[in-house]
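Asks: Below are the sequence and a predicted model; questions follow.
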Amino acid sequence: MDLFGLFRIIWRRRVFILAMGMIFAIMGVALAYVIPPVYEASTTLRPVEFNQLDALNRSKIYSLPSAEALKRVGARLVSYNARLEFFRARPDLIEAFQEEGQSIEQAFQDFNSTALSVVLANPKKTDLLSDFIGLKIRYGKKIDGAAVLNDFVDFAVEQERIQLSTDMQVILSNRLLEITAKLNSALSEYRAGNDARIARLEENDAIKRAQLDDELKALRVQLKLQRQTRLAELDEAISIASNLGLKKPSTPSLMADEVIATGNVIHTEVNGRPVPLYFMGTEVLVAERTALLKRTSDDFVEPRIGQIRKELILLSNNRSVEAIKARANEQDFLEGVEALRVERARLQSIDTQLLGLHLVSIDQRAVASDKPIKPRKVFVVVIALVVGLVLGTIIVLVRAAFKSRVRQMRTLRLGDAVAPVLPEDLSRQSGGLFSEAQVRPSKW
C-alpha cells in the first residue's frame, strides 16, 4: 500500500472532504435541535430518625428498625405492581408514553424501563440495605418530571404505610382473638351459673302462670253458669209477668184495688221479703234477657279476673331474668381476669392507621432541571463533523481506487488487442451481436 499516494489523493480532494464534513456538521446541528430534549430529576431517601418509629416499636406487636423501613420503601419503589398502579392513576403519563395502537401495559413498559431508575449507595450491593436510596426520572418537555417523581415517592411511601397498617391490624386482631378466647373460657362457668338461675326463675313463673290460667278458666265457667241461671230466672219471671199483665215495674201494694178519691197519696210499703222478680215487668225483664244473650264475655262481672290478668302481665316479663340477659359486659362480673382486661384495653388503644408515621426521610426532593441531559449538541455536531470527514475520505479513496482500476483494465484491454483474434471466433463468442468490422482490431 502506497501511503504517500493515499495522502496525496486525500490532499488533492481536501476541499471535497471538508465540504462533506461541513455538510454533515450542518446536519448534526439541525439534528441536535430537532431531537426532543430529555431532562433528568432525582430524589434521595435516607433512614428516618429513631424517634419517628418509637411509638410503633413500643406497641410490642411490631418492630421496625429505620434501616428496615428504608429497605421496605425501596422495595416498593422498584415494585412492578406499584409502578403500574401509579402509572394507571396518572393520565398525563399515559398520554405522554402511549402511542397509537398501544395498550396501557405496553406504554408502561417504556416508562418503567427508560424513565425510572433506582440508585443505591453501593452499586455492588444487590439489596436495598444502604445508607440512602436515590431515584431518577428522565422526561420530556410535556411532563413535569420533578412533580411526577415526588408524587411517585409519596405514593410508594403511602402504599407501604397502608401495608404496614394492614399488617398491624392483622397482628392486633390475632392478639385480641387470643385474649377474647381466654375471657370466653373464664365466662363459661359464670354463664353456666346464670343459666341455672334463669331456668329456676322461669320455671317458677311458668308454674304461677299455669295456676292463674286455671283459676281464670274456673271463674269464667262459674260466670257462665251464673249467666245461664239468670236467663232461666228471667224466662220464668217474664212468663209470670205476662200472665199478670205487668209491663211496667210494680209492687204488691200497687196491685190492690183501692181507689182514693181526693188528695195526694204517698204509699209506703215495708216488707221483709224480697220482691219477686216478675214485679219488674216484662219490658225490663225482656231487656235484661236480651242484654244477657248478647253478652260475649262475663269477665267484667268478676273483679278477680282483672287481678288475674294483672298478675299474668307482670309474670310475662321477669325483670330479674331480663337484667341478667341484658348485661352488656359480663366480664365486669368476673373475678381474676383483670390482667386480661388491661391487656385488651392496651391493644384496643393502639392506633393501627399510622397516619402520622414517617417511614423514610426525604433528604432531597426532586427539582425540575433547566438544562437537558440529551441531546448533547456539541457532541452531536462533533460526531457529525467527524463522520462527514471520514465519509468524504472514504468516498475519495474509493473513487481513486475505482479510477485506478479502470485504468488498469483499459491497459489490459489494449495489451490484449495486439494478439490476433479471428473474427468468426469473436462473433461466435458474442452471439452474433458484433459484425466482422466491429470486432476487427485496430492497427495500433
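Replies: Looks like it arrived, so ask away.

Asks: Centre of the chain to the longest helix along the chain, how far?
Replies: If you go by DSSP state H, the chain has its longest helix at helix 145-244. Mean C-alpha position of helix 145-244 versus that of the full chain (Cα atoms, centre = their mean, to the nearest Å) differs by 36 Å.

Asks: Can you pull out the residues in contact with the very next helix or strand once past it?
Replies: As assigned by DSSP states H and E, the chain's next helix or strand after helix 145-244 is helix 281-294. With Cβ atoms under 8 Å, 6 or more residues apart in numbering as the test, helix 281-294 has contacts from 227, 230-231, 234-235, 237-238, 241-242, 246-250, 277-278. Every residue, glycine included, has its C-beta placed from N, CA and C.

Asks: residue contacts, the residue nearest to Val78 when sequence neighbours are not counted?
Replies: Using Cβ to Cβ, 6 or more residues apart in numbering and skipping the chain neighbours, the partner closest in space to Val78 is Val118 (5.5 Å). Residues near Val118 by Cβ under 8 Å, 6+ apart: Gly74, Leu77, Val78, Ile133, Gly134, Leu135, Lys136.

Asks: I'd like to know how far the third one sits from Val148.
Replies: Val78 sits 16 Å away from Val148 when distances are taken as Cβ to Cβ, to the nearest Å.

Asks: Which of these two has more residues huddled nearby?
Replies: The neighbour count for Val78 versus Val148, taken as other Cβ atoms under 10 Å, is higher for Val148 (23 against 16).

Asks: right, and the more buried one touches Tyr139 too?
Replies: Yes - look at Val148 against Tyr139 with Cβ atoms under 8 Å: they come within range, at 7.0 Å.

Asks: Residue ranges in the stretch 301-444 of the chain under the pLDDT threshold?
Replies: Applying pLDDT under 70 to the stretch 301-444 of the chain flags the ranges 331, 375, 377, 415-444.

Asks: And the residue nearest the centre of this protein?
Replies: Closest to where the C-alpha atoms of the chain average out (Cα atoms, centre = their mean) is Ile162, at 11.7 Å.

Asks: on that earlier part again, so which of the contacts of Val118 sit within helices?
Replies: Among the contacts of Val118, the members falling in helices (DSSP H) are Gly74, Leu77.

Asks: Secondary structure class of the nearest residue to Ile350 once chain neighbours are set aside, three-state.
Replies: Of all residues not flanking Ile350 in the chain, Ser59 sits nearest, at 5.2 Å (Cβ to Cβ, 6+ apart). Assigned by DSSP: H, G, I helix; E, B strand; the rest coil, the conformation of Ser59 is coil.

Asks: And the contacts of the top strand by length along the chain?
Replies: Longest strand of the chain, by residue count under DSSP state E: strand 39-47. The contact list for strand 39-47 (Cβ under 8 Å, 6+ apart) reads 66-67, 69-70, 73-74, 119, 131-141, 145-146, 149-150, 153, 360-369, 371-373.

Asks: can you check stretch 304-315 too?
Replies: With Cβ under 8 Å, 6+ apart as the contact definition, stretch 304-315 has outside contacts at Asp205, Lys208, Arg209, Leu212, Asp213, Glu215, Leu216, Leu219, Arg220, Asp299.

Asks: could you redo the last one with a cut-off of 7 Å?
Replies: Outside stretch 304-315, the residues that touch it by Cβ atoms under 7 Å, 6 or more residues apart in numbering are Asp205, Lys208, Arg209, Leu212, Glu215, Leu216, Leu219, Asp299.

Asks: any idea how far the fourth one is from Lys310?
Replies: Just to be clear, that refers to Leu212. For Leu212, the distance to Lys310 (Cβ to Cβ) stands at 10 Å.
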